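[1] Output the structure for:
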Amino acid sequence: MIRAMTDEDLTETLRWYDLQGEPAPARDWFVGIGLIVPDVCAGFLYVAGRRGYLEDIVTNPEATGAMRRDGLIQLVREAEKTAQFHGVVYLVGWSRETTVARRAVACGYVEIGNFQGFAKRVGE
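    Numbering: from 1, shown residues only. Next up, the predicted model:
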């Protein structure tokens, strides 16, 4: 069952990056509304006025494919509800993983193309 993320969940989520061989972002990178399907997947909703962004989605590679598929759909649906609660009209998601994009398309989203992301810490 999906729920709000706790600090303990964030520790587990960062471990998933390691299991996938990906560098985990710093803990303070995640400032959005954290959502997690325990032991399966997690993501963050960032609200900017009428726009919302579903980002930093990661799955647990130890979960089965079916669990990840169902979990990602739960994550997207809950992000929609949470975004609407916060007054968001347009919800956009970003992910390197094509499977995440496929789950979003299955939930009615439109694929908008491939992008190169960039980030830099510029303050304390």
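[2] Could I get the full set of helices for this structure?
    7-19, 65-85, 98-106 (DSSP state H).
[3] Residue ranges in the chain under the pLDDT threshold?
    Applying pLDDT under 70 to the chain flags the ranges 116.
[4] Of all the helices of the chain, which one comes closest to Leu45?
    helix 65-85 (5.0 Å; CB to CB). In this view, the C-beta of every residue, glycine as well, is placed from N, C-alpha and C.
[5] Just the CA trace of that closest one, in PDB.
    Output in PDB follows, covering the C-alpha atoms of helix 65-85 (Å, rounded to 0.1, in the frame of the first residue of the first chain):
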ATOM      1  CA  GLY A  65       8.800  -7.300 -12.200                       C
ATOM      2  CA  ALA A  66       5.100  -7.600 -11.400                       C
ATOM      3  CA  MET A  67       5.500  -5.800  -8.100                       C
ATOM      4  CA  ARG A  68       7.500  -3.000  -9.700                       C
ATOM      5  CA  ARG A  69       4.900  -2.700 -12.500                       C
ATOM      6  CA  ASP A  70       2.000  -2.500 -10.100                       C
ATOM      7  CA  GLY A  71       3.900  -0.300  -7.700                       C
ATOM      8  CA  LEU A  72       4.800   2.300 -10.300                       C
ATOM      9  CA  ILE A  73       1.100   2.500 -11.300                       C
ATOM     10  CA  GLN A  74       0.200   3.100  -7.700                       C
ATOM     11  CA  LEU A  75       2.900   5.700  -7.400                       C
ATOM     12  CA  VAL A  76       1.600   7.600 -10.400                       C
ATOM     13  CA  ARG A  77      -2.000   7.500  -9.300                       C
ATOM     14  CA  GLU A  78      -1.200   8.700  -5.800                       C
ATOM     15  CA  ALA A  79       1.000  11.500  -7.100                       C
ATOM     16  CA  GLU A  80      -2.000  12.600  -9.200                       C
ATOM     17  CA  LYS A  81      -4.300  12.700  -6.200                       C
ATOM     18  CA  THR A  82      -1.700  14.500  -4.100                       C
ATOM     19  CA  ALA A  83      -1.000  17.000  -6.900                       C
ATOM     20  CA  GLN A  84      -4.700  17.800  -7.300                       C
ATOM     21  CA  PHE A  85      -5.000  18.400  -3.500                       C
END
